Structures are given as C-alpha cells and as structure tokens.
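Colleague: Structure of the sequence below:
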Amino acid sequence: MSQIIAPILFLIASIGLYFSYIGPSLDTLRQATDLRDRLVAAVEKYEELFERRASLNADYDSIPLAERENLHRILPDEIDPVRIVIDIDRLARSEGIGLEVSSFELPRLQATQSGRGTEEVKNQLMTWVMSTTVEGGYVGFKNFLSTLERSMTIFDVTQLEIEKIDTGATVDRGQRYKVVMHIYSLK
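Modeller: Numbering: from 1, shown residues only. Prediction:
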C-alpha cells in the first residue's frame, strides 16, 4: 500500500511545487526576458539617434557662421513682436508711408510634412498673424512691399484691402492699405 501512496504523494507534491513556486518563477523569468529585450531595443535606438544627432551636428557645424546667422534671421527660433513691429515701421517710414498695427495675434502651431525617401519629416512652425493699416501713395506702398519681400524675415501677405482716402479736400492723400501677414518661427 505504501508503494502506491508514496508515488501519489510525490506526484501531488510535485504538482503543488510547480504551481506554487516553479510556475510563478517561470512567469517572472519571461517578464524579465521581455523587459531585457525592450531595454536592448531602446539602447539600440538610443545609439542610432545619438549617431544621427552627431551627424546632424557635424553638418550644422560645417555651415559657415554667416550662413547660420542668415538662416536664423530667415526662420528664427522665436519672434519678438515688438522688434518685428519696429522693423516693419522703419521699412514703412523709409518709403514715406504711415503704418498702424491693429493686431498681432498669438502664434498658432502649424505642422508641415515633407517626404525624404520613405520617411516622413515633420516640422513644427509657429504662425504669427499681424494686421496692419498702411497709408500713403501707391508707389511708396509698392516699394514697401518690395522691401518687405527682400527682408530676411519670411512674411506672407495673406490679405490685402485697398481703400481710397477721401478727405473732401482737393489734395490727394493716397490710399489706405489693410494688410494681413503671417510671420513664421520655430517656437
């Protein structure tokens, strides 16, 4: 009888040992292996990104300093609204026309996509909207827009309204130009 009971007890003990100790240990081992695999993949991705960053820094450093300053002027990291208004006012005064800024809206995030081979590159641009009213003659306004176009900062004129100034006097004071423009920055 003990020859039958002993193997049954050993079988019950081994089943109990498996479910109470070996099974949970195997689950813990599987979780640790999965975690290790994810961490190894993360380290490989980090090394890839670190090499890419080093490559981009080397490319950036190869650009002459004057060119980097021009690039920063064309698409600055951030916009100083007061400086922009002063610069545009200076341009308008140099053409003999008056400028009045009616609004300068807070920036909106604009996502742009450009394809490079099979990968997509997303850039985050901030768009500042500035509304102005300019008064003066046509030639001065045309020269103002030309000067604005040649400036280092990117301005997109998105809306233009032209209105003749009628004062009732015999002297022609020119036109009133309502201009809405977008100004871009990286932050």
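Colleague: any idea how far residue 94 is from residue 103?
Modeller: 23 Å (C-beta to C-beta, to the nearest Å). Heads up, the C-betas are built off the backbone N, CA and C, glycines and all.
Colleague: Settle it for me: which of those two has more neighbours?
Modeller: Summary of the neighbour comparison: residue 103 and residue 94, criterion other C-beta atoms under 10 Å, with residue 94 having more neighbours (12 against 9).
Colleague: For that one, which residues are in contact?
Modeller: Counting by C-beta atoms under 8 Å, 6 or more residues apart in numbering, residue 94 makes contact with residue 147.
Colleague: If you count neighbours, what's buried in stretch 147-162?
Modeller: By 16 or more other C-beta atoms under 10 Å, the buried positions in stretch 147-162 come out as 148, 153, 154, 155.
Colleague: Which SSE is immediately downstream of the helix ranked longest in the chain?
Modeller: As assigned by DSSP state H, the longest helix anywhere in the chain is helix 23-62. Downstream of helix 23-62, the next assigned helix or strand under DSSP states H and E is helix 65-74.
Colleague: where does this structure dip in pLDDT?
Modeller: 1, 107-123, 167-173, 187 (pLDDT under 70).
Colleague: what about the strands in it?
Modeller: Using DSSP state E, the strands of the chain run over residues 98-116, 119-136, 155-164, 175-185.
Colleague: To residue 51, which of the ones you listed lies closest?
Modeller: strand 119-136 (15.8 Å; C-beta to C-beta).
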